[in-house]
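> Predicted model, plus sequence, below.
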Amino acid sequence: MISRTGTPVPVSQNSLSNIQVVVRCRGRNEKEIAAKSAIVTELPNDRYSIIDPYITINQTNQGVSGGSGHEFNNYKTFKVDQVYGSQADQNLMFEKVVTPLFNDFLMGFNVTVLAYGQTGTGKTYTMCGNPEELSQDYDELEDGGVEFNENVGIIPRVLVELFRKLNGDDDYVVKCSFLELYNEDLKDLLDDEYEENSKNIKKRLRIFEVNNNNNNNKKSILIQNLTEEYINSFNQGFRLLKKGLKKRKTAFTKLNDFSSRSHTIFTINLFRKQPNSSELFRISKMNLVDLAGSENINKSGAINQRAKEAGSINQSLLTLGRVINSLSELNSTTNTSTKKDLSHIPYRESKLTRLLQDSIGGSTKTTLIATISPAKINIEETLSTLDYASKAKNIKNVPINGQDCESIMKRILVKNLSNELIKMGLDLSSTRSKNGIYLNEENYQEIIETSNSLKSSLKEVNDENTLLKLKLKKFESINVTNQKSIRTLNQEIEELKRLNEDLHHTNNKLNTSLDDKDNKLKDLSYTFNQFTEILNENLSLSFSTIEPLLTSFNEANDKVDDSNNLLKSFQNFKFELVDRLNTIKLNLNEFSSTNLPSILIEFKQLFKKLHQTFETHYHSFEENVKKMKLNNEKLLNYIANTEINNDKLEQLIKEKVAGQLKKMYSDFNTNLNQLVEEHQKSSLLFVNDSIKSINHDIVTDYQSKLITTSQDWNKVNVKYTTNIEKDIQAMNSQLNEPPIIEDSKVKDIIHLQDRNINDLKHVMKMLNDEDTSNHKKISKQIIDINKFNSSLLLQNDNLKNGIIDINKSLRVISNTVEPTATHISPSRKSVSPTRRLSPAKENLKISSKIPKLTNSEMFPPSKKRKVLHQTDRANM
Ligand SMILES: Nc1ncnc2c1ncn2[C@@H]1O[C@H](COP(=O)(O)OP(=O)(O)OP(=O)(O)O)[C@@H](O)[C@H]1O
């Protein structure tokens, strides 16, 4: 078995590191509360304080003075590195205090955690936690951690964290040892064969100082015969810890019923392959030290053996204190000669200081946790502990860095392991040779406990088995009864199944027929909707057909004087018809949404009747339309055949004018002279031109208007006829494909349809009436025009005859008058009878003597009014 402790060799001044000092002040325990002992500790924070790590002790009435702390009246303040109060839990301590050291340990540094303080202040609690927390194995969580109880201390947490960090790394070896120093005696807490007061010299632990195998002038401490157990899981480490704690010497004291009277060192040795070498394994060590209580002997009431024990304890701690003092003074002085005087550090004066030589002022990174009580009754021990702590804070260690740390060749390590294996093999064969199986006591106890537990379980199982057998018998008898019931029930179930099948069958049939009905109803509904839509469309179409009719009628009515009444009535009718159509639409919509299902049932039969009725009406309607068409054609023929002959009119007018002139000339007959002939000619031409022009304008205007009206009328009638024919065709196509609709409530629709048809009839009648009336009016106008034409023709004839008579008379007159021209006018007496005037000059002379004819003279008032009246009517 090998254990090595490196001798400190400073690498550089920069690597100096002070011992970290942490104070943990627990809350008052039951005894302190019962003793009504006041709290004398004042901390910056109940949990922890790193920024302002002071702790003040209220010494009122204590009369305590001196020490290295600062005194303010009755208060004494100590400055350390970290202060933890009553609210600081175990996890916080591990994270803040131990984790930095643990990381250094993984990197190859030797590290030490020391718990120092008065009995009962929580040293063991801080380092191990309550021992009962380790009574069982812990399950590993997914992240390699463990769900700890709050009271678990530093060592178990370090073990868990170690294997969590090493997870996946194959090149490592972990060994643990657990050492106790009691009365300056070393005790191997993991040695099963160790017995108190053992005379087995071979098994005695001895401390040797040996040269380091790295040949670098470093010294190592070797503890001969110390058990070092290989572990590869945290649970194995827990078991070792539990085992060691059990062996730990405890004794009853007044201060702490389960107080530990010894110092213990739990060491974890880590052999880890150097990052850049396959042969070298770096050795690092973590010492977790739980020192014995530092209480006052007198106060503890130790007597006899216990007094000796108490003295021993204090001897070790006193030496530790002196070492701490020396190191503290050595580090705080700069004087070289003084330094030389102080250079002797009394490590060798106690085994405790020899064991901790490397941790205090050596090459180890060290943290001291000083545990204190807050109660006034412990104030002296508290002040003493804080004195130690503040001195330790001055101590500088020289940790050896990763490169210079102790290492071991792989082959040596393997050789060590092989030796271990050989030794274990020998143990095993010797055990076998004893013809049985040798077990260590703990394993034996465990097996016995397990066996007892199994026996108890077996008994419980047997008892349970007996009970179950009894229950089984009961169940068997119940089962027979149940079997009978089950058979009856099965029969009933069969019967019910049959019934169910029948019902199922019937249900299927019903469903099928329901589906059929549903489908029919859907079809009917669809057909009816389509029918309704078509009906609506037809109604809309009829309406849109009637609309232009009405518009045309309105336009035609504008041209007829006495059509206002008809227009009004027709408009009224139109509005009424629109209202009715809208009402029909509304009724249809409402009807289709509410009464549809019942209507569908009777609709088919009634629709047939409707069809018949509709056909009847359709025939009469068709005939009426045909008649109307015939009438229109007649009208068109009549208009086409009716010609207004301009020549005849002209002739008539001429005759009329001639008659007038004849009358006029008969009045002038006796006074005419030779110039009358030219005058007559010019007058006749003038009158003829005027009359021709007037009559031509009148007749042309009338003709154009009449033709336009006739064409409009014809167009409208053709359009009406086409629309009506389209309607009829649409209706016919509907009637030819009648929807299959059923049952009773269609009466309403029939009624509506009747009304609709009546309305249509009414419209047609009105159309016919209107048509007839217009025909009559136009015929009457044409008769009037013809009459007027006849009278014009008559007048024209008369005029012509008159002109002929006048010409004849004029010839007679001219023949008669020419030889006695001088007699007619005295003013012509000077004119030579043989000399003839040029016609133009003659005309001028005659025209100046003949009176001009006015319109009223040419056309007597009564006749003129009549002509104008006729023209106006023709324009209308
Ligand atoms: N910070 C703390 N929080 C809760 N309980 C604590 C704390 N410190 C100590 N205790 C409790 O106080 C009791 C004494 O603690 P512990 O045995 O650890 O004292 P100790 O200093 O190790 O004593 P000794 O020197 O005699 O071994 C234990 O029951 C422990 O659970």
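The structure has been received and is ready for your questions. Quick caveat, the model's predicted, so the values are computed rather than measured. Residues are numbered from 1 along each chain as shown.
> residues from the protein in reach of the ligand?
26, 29, 117, 119-125, 130, 256, 259-260, 292-293, 371 (Cβ under 6 Å from any ligand atom). For every residue, glycine as well, the C-beta is placed using N, CA and C.
> at 8 Å instead, please
24, 26-27, 29, 86, 88-89, 115, 117-127, 130, 151, 250, 253, 255-256, 258-261, 290-293, 295, 371 (Cβ under 8 Å from any ligand atom).
> What residues sit buried inside stretch 34-54?
Residues of stretch 34-54 classed as buried: Ser37, Val40, Thr41, Leu43, Pro44, Tyr48, Ser49, Pro53, Tyr54 (neighbour count, 16 or more other Cβ atoms under 10 Å).
> Just give the nearest non-adjacent residue to the fifth one, would you?
Going back to what we said before, that points to Pro44. Distances taken as Cβ to Cβ, 6 or more residues apart in numbering place Asp52 nearest to Pro44, at 4.7 Å, with adjacent residues excluded.
> Now do the SS call for that neighbour.
For Asp52, the assignment made with DSSP: H, G, I helix; E, B strand; the rest coil gives coil.
> separation between the residue of the stretch 51-200 of the chain found nearest the ligand and Ser86?
In the stretch 51-200 of the chain, the residue that lies nearest the ligand is Gly122 (2.5 Å; Cβ to the nearest ligand atom). Gly122 is 10 Å from Ser86, where distance means Cβ to Cβ, to the nearest Å.
> who touches both of these two?
Both Gly122 and Ser86 are in contact with Arg26, where contact means Cβ atoms under 8 Å, 6 or more residues apart in numbering.
> so who does Asn29 touch?
Gly120, Ser373, Ala375 are the contacts of Asn29 under Cβ under 8 Å, 6+ apart.
> Just give the number of residues close to the last one.
By that I understand Ala375. The tally of other residues near Ala375 (other Cβ atoms under 10 Å) stands at 22.
> Run through the bridge partners of it.
Beta-bridge partners of Ala375, counted by DSSP bridges, are Ile39.
> wait, it sits on Gly27?
No. The pair Ala375 and Gly27 does not pass the contact test of Cβ atoms under 8 Å, sitting 9.6 Å apart.
> circling back to that earlier point, of the residues of the chain next to the ligand, which belong to helices?
Counting by DSSP state H, the part of these found in helices is Lys123, Thr124, Tyr125, Thr126, Met127.
> Distance of Thr594 relative to Lys391?
Distance of Thr594 to Lys391, computed by Cβ to Cβ: 107 Å.
> quick one: contacts for the closest residue to Ser332 other than its chain neighbours?
Leaving out its chain neighbours, the residue that sits closest to Ser332 by Cβ to Cβ, 6+ apart is Asn394, at 5.5 Å. By Cβ under 8 Å, 6+ apart, the contact list for Asn394 reads Asn18, Leu327, Ser328, Asn331, Ser332.
> helix/strand/coil for Asn394?
coil.
> any idea how far it is from Asn18?
Applying Cβ to Cβ to Asn394 and Asn18 gives a distance of 7 Å.
> before we move on, what about Thr367?
Thr367 sits 10 Å away from Asn18, going by Cβ to Cβ.
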